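**Q** Fold the following, please.
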Amino acid sequence: MKPFTYYRATTLHDAVTTLAARANARIIAGGTNLLDLMKLQIEVPQQLVDINGLGLDTIAGAENGGLRFGAMVRNTDLAAHQIVREQYGVLTRAIVAGASGQIRNRATTAGNLMQRTRCPYFYGTAMACNKREPGSGCDALNGISANLAILGTSDACIATHPSDMAVALRALDAVVHVLGTEGERSIPIADFHRLPGDTPHIETALRPGEIITAVEVPASIGGTHVYRKVRERASYAFATVAVALVARVDGASVTIERLAFGGLAAKPWRVEAAERRGSGTPEEVARDAAAIILEGARPTDRNRYKIALAQRTLHAALIDAQEQSR
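**A** Here you go, the predicted structure:
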């Protein structure tokens, strides 16, 4: 591990100014991703700015009737919160589907959003990776790409974003609140994560020196909430395909109110044109929605199976919604 300095911020202003003062400084919260990357020397910050203890760990009602939770709220606490469980069930289900109990106890809201891809070529430091080393190339394009992206990809990167929580937040129209040296601003979750394009190393809309302070979700829209995750093993694995769904159920018919996919792109993938298109059987609705969502997919020979798997996973999620409503 490379040497670095550690600084424990005393106020939000202190954290922002300290972060902005050094180009190679990083925020440390739970550390569940950053420390692993430092051990592999993928991340080599000269300074860590600790924001634990700054009062960013509260969950409270928002002015619009929604819910606001701080950047340092632990994943376990957010998933277990009564209002989240009762009104934003897809968020609870997504968080519990991620990582392990021990990691969720330490991982934070902001850290979950900021975690970096689990692409093996990103972690394999002997491999070419534009995300890790801009301009070096992407060995994944012609490599073992079975679990990589099929949507929003570019010739520079086909990595996926690993967060389950972010997929649910995308379905819920969350807003990310940030603070920088120029003040506060709010970023819709739809715009927070960036597609790779020619600059896959620029992963979010955060400006230099900005930090996440809170995430806010609007008032609940009700409905039946489902998070369906397909992965290579039963637990402690990242999504091959995941579906965050809010549906209306009327007997044998279902209607998609909100829908976002994980495991398909460098960001949670939502196409609003696939929502509220009328009711039908789970098979009919899944087929119609998948055709819209998967339009423009660019799979490799090794991950072409994800096209069919995405439709089947949505179909299964719609059946789950029916069963939950009985």
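
**Q** Once you drop chain neighbours, what's closest to residue 314?
**A** residue 286 (4.4 Å; CB to CB, 6 or more residues apart in numbering). Heads up, the C-betas are built off the backbone N, CA and C, glycines and all.

**Q** Look up how far residue 224 lies from the one you found.
**A** 15 Å (CB to CB, to the nearest Å).

**Q** And residue 178, which helix or strand is it part of?
**A** strand 175-180 (DSSP states H and E).

**Q** Other residues contacting the following helix or strand past that strand?
**A** For strand 175-180, the succeeding helix or strand toward the C-terminus, using DSSP H and E, is strand 183-188. Under the contact criterion CB atoms under 8 Å, 6 or more residues apart in numbering, strand 183-188 has outside partners 173-178, 205, 213, 216.

**Q** got TSV for these, with neighbour count and pLDDT too?
**A** Formatted as TSV, the contacts of strand 183-188 follow (neighbours: other CB atoms under 10 Å; pLDDT from 0 to 100):
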residue	neighbour count	pLDDT
173	18	98
174	25	98
175	22	98
176	26	98
177	16	98
178	22	98
205	15	98
213	22	98
216	20	98
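
**Q** Quick check: the two most widely separated of these?
**A** Farthest apart among the contacts of strand 183-188 by CB to CB are 173 and 213. That separation is 18.6 Å.

**Q** okay, residue 1: pLDDT?
**A** Residue 1 carries a pLDDT score of 67 in this model.

**Q** what residues are up against the residue lying closest to residue 277 once chain neighbours are set aside?
**A** Spatial nearest neighbour of residue 277, excluding adjacent residues (CB to CB, 6+ apart): residue 288 at 6.1 Å. Counting by CB under 8 Å, 6+ apart, residue 288 touches 274, 277, 280.

**Q** what's the neighbour count on the first one?
**A** Applying other CB atoms under 10 Å, we find 20 other residues in the vicinity of residue 274.

**Q** Repeat that for the last one.
**A** Residue 280: 17 surrounding residues under other CB under 10 Å.

**Q** Can you give me the distance of the nearest residue to residue 154 once chain neighbours are set aside to residue 110?
**A** Spatially, and ignoring its direct neighbours in sequence, residue 154 is nearest to residue 196 (4.7 Å; CB to CB, 6+ apart). From residue 196 over to residue 110 the distance is 22 Å, taken as CB to CB.

**Q** what's the answer for residue 185, then?
**A** Distance from residue 185 to residue 110, by CB to CB: 15 Å.

**Q** so where does the residue most central in space within the chain fall, helix or strand?
**A** Nearest residue to the geometric centre of the chain (CA atoms, centre = their mean): residue 166, 2.9 Å. If you go by DSSP H and E, residue 166 is part of helix 165-171.

**Q** Report all helices and strands that that helix contacts.
**A** In terms of contacts (3 or more CB pairs under 8 Å, 6 or more residues apart in numbering; DSSP states H and E), helix 165-171 is packed against helix 89-96, helix 109-114, helix 189-192, strand 239-250, strand 253-262.

**Q** Now the closest residue to residue 282 other than its chain neighbours: which helix or strand?
**A** Excluding the flanking residues, the one nearest residue 282 by CB to CB, 6+ apart is residue 318, at 3.6 Å. Taking DSSP H and E as the definition, residue 318 sits inside helix 305-325.

**Q** Taking strand 239-250 as reference, get the angle to that helix.
**A** 40 degrees (axes from the mean of the first three to the mean of the last three CA atoms, to 10 degrees).

**Q** what comes up buried for helix 305-325?
**A** 306-307, 309-311, 313-322 (16 or more other CB atoms under 10 Å).

**Q** swap in stretch 24-31?
**A** So for stretch 24-31, counting by 16+ other CB under 10 Å, buried means 25-31.
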